[in-house]
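**Q** no sequence for this one, just the structure:
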């Protein structure tokens with residue numbers, strides 16, 4: 001996930017991003033699209049709530065990883081999300097607590113050499129004045145703070161996330177869309193457990209990486225995020241938390257990959273107006289969104305979900321070859337990208353990179369999903 005961390009595309013792009021509905025059954029009922037969500041869940045924002053609300057989507061499970069918060073905190077948020085949406089039938093499976101190689105001491109050493117990282121997930125020091133909760137970071141992975149959206153009573157699965165991912169993909173080969181909206185640790189482990197894992201996924205959609213984001217909105221929050229883009233345009237938190245895992249992911253034999261970097265998020269922002277527009281629905285989900293979300297943040301993970309659910313929101317995308325820097329130098333964790341003719345051909349693969357979306361269309365579609373009443 002994420003804390004600090006043209007127009008006129010034709011039908012070809014829309015069709016390239018669209019996921020066709022599976023063949024109908026004998027009763028002419030469309031088969032739901034199968035999804036696995038891998039996320040460092042924080043609150044109700046992000047992919048889980050949107051995908052759980054989508055009528056043509058079946059979420060097979062939510063796997064959690066450390067990133068914006070420790071794994072156990074992300075798990076608690078995921079459990080609370082399925083409770084609020086009324087989908088406790090969806091398993092929540094805890095995954096990786098630590099990155100493959102990166103650690104707190106190495107990050108501190110890197111900062112001493114190359115400068116301060118503004119956001120380091122749970123390694124972030126509390127802000128002066130006493131910031132509290134998950135945003136301030138916690139010293140121990142076992143410390144789960146009281147959640148702003150309420151603490152869950154549902155329990156997580158006893159299975160390990162990477163094993164669960166492998167098992168689900170083996171059970172449904174070439175049918176599952178994998179949404180990765182946190183660091184890629186669980187996915188890298190799954191690829192190591194089963195070399196056929198990536199090839200047997202239908203497609204991978206992930207939020208991560210950064211190319212050349214530019215300030216789009218004229219707001220104080222947008223200006224604050226833009227300062228980071230000027231200094232380090234290729235750095236993004238999901239990748240920087242575990243660069244080695246991201247590189248393993250980028251070299252996987254995925255049949256199709258859609259990358260949603262920071263770039264399109266600069267034209268989006270959670271606002272009081274949008275949250276207020278959810279009030280008429282007065283459901284547990286919309287009430288929790290209205291009271292539990294802080295305006296000002298870009299809609300990072302939401303874009304990834306909506307690009308798949310509503311591909312018509314995409315107004316600019318390119319096909320690029322993508323990899324990530326694991327050199328332990330100043331560029332550690334940075335996004336690397338090439339046109340096809342310039343690619344070094346060292347295992348990196350072509351990805352559809354979403355660079356701009358229609359904010360109004362996206363918010364309209366998000367609003368409809370959030371406000372949708374689901375009869376059980």
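**A** Structure received. Keep in mind the model is a prediction, meaning the values are calculated, not measured.
**Q** ranges for the helices of the chain?
**A** In order along the chain, the chain carries the following helices (DSSP state H): 11-17, 47-53, 71-85, 104-114, 161-171, 185-193, 197-200, 220-231, 237-241, 243-250, 272-276, 284-292, 300-309, 359-371.
**Q** Nearest to residue 148 among those would be which one?
**A** helix 284-292 (5.4 Å; C-beta to C-beta). C-beta coordinates here come from the backbone N, C-alpha and C atoms, glycine included.
**Q** Find the residue closest to residue 223 in space, skipping its chain neighbours.
**A** Leaving out its chain neighbours, the residue that sits closest to residue 223 by C-beta to C-beta, 6 or more residues apart in numbering is residue 215, at 6.4 Å.
**Q** Is it correct that that neighbour is in contact with residue 227?
**A** No. Judged on C-beta atoms under 8 Å, residue 215 makes no contact with residue 227 at a distance of 9.0 Å.
**Q** Which one of these two is surrounded by more residues?
**A** Between residue 215 and residue 227, residue 215 has the larger neighbour count (other C-beta atoms under 10 Å), namely 16 against 11.
**Q** How many neighbouring residues does the closest residue to residue 101 other than its chain neighbours have?
**A** Spatial nearest neighbour of residue 101, excluding adjacent residues (C-beta to C-beta, 6+ apart): residue 244 at 4.8 Å. Neighbouring residues of residue 244 were enumerated by other C-beta under 10 Å; the total is 18.
**Q** From residue 189, how far off is residue 244?
**A** In this view, residue 244 and residue 189 are 11 Å apart by C-beta to C-beta, to the nearest Å.
**Q** Between the two, which contacts overlap?
**A** Both residue 244 and residue 189 are in contact with residue 100, where contact means C-beta atoms under 8 Å, 6 or more residues apart in numbering.
**Q** Kindly state the pLDDT recorded for the residue nearest to residue 223?
**A** Model confidence at residue 215, expressed as pLDDT, equals 96.
**Q** again with residue 192
**A** Residue 192 is assigned 97 on the pLDDT scale.
**Q** which residues sit in contact with it?
**A** Contacts of residue 192 (C-beta under 8 Å, 6+ apart): residue 248.
**Q** distance of it from residue 308?
**A** According to C-beta to C-beta, residue 192 and residue 308 sit 26 Å apart.
**Q** residues contacting residue 291?
**A** Residue 291 touches nothing, counting by C-beta under 8 Å, 6+ apart.
**Q** Let me fix that, I meant to ask about residue 318.
**A** Neighbouring residues of residue 318 by C-beta under 8 Å, 6+ apart: 352, 353, 355.
**Q** And the first one, how close does it get to residue 160?
**A** So the one you mean is residue 352. Counting by C-beta to C-beta, the gap from residue 352 to residue 160 is 31 Å.
**Q** Also the last one?
**A** Summarising the geometry, the distance separating residue 355 from residue 160, computed by C-beta to C-beta, is 35 Å.
**Q** what phi and what psi does the backbone show at residue 374?
**A** Taking degrees, to the nearest 10, you get phi -110, psi 120 for the backbone angles of residue 374.
**Q** pretty sure it contacts residue 57?
**A** No. If you go by C-beta under 8 Å, residue 374 and residue 57 don't touch, sitting 11.9 Å apart.
**Q** When these two are compared, which one has more neighbours?
**A** residue 57 (19 against 12).
**Q** Verify the contact between the more buried one and residue 33 for me.
**A** Yes. At 5.2 Å, residue 57 and residue 33 qualify as touching, with contact defined as C-beta under 8 Å.
**Q** what's the burial count for residue 331?
**A** Using other C-beta under 10 Å, residue 331 has 17 neighbouring residues.
**Q** For residue 221, which residues are in contact?
**A** Neighbour list for residue 221: 269, 295, 296, 297 [criterion: C-beta under 8 Å, 6+ apart].
**Q** Great, nothing more from me.
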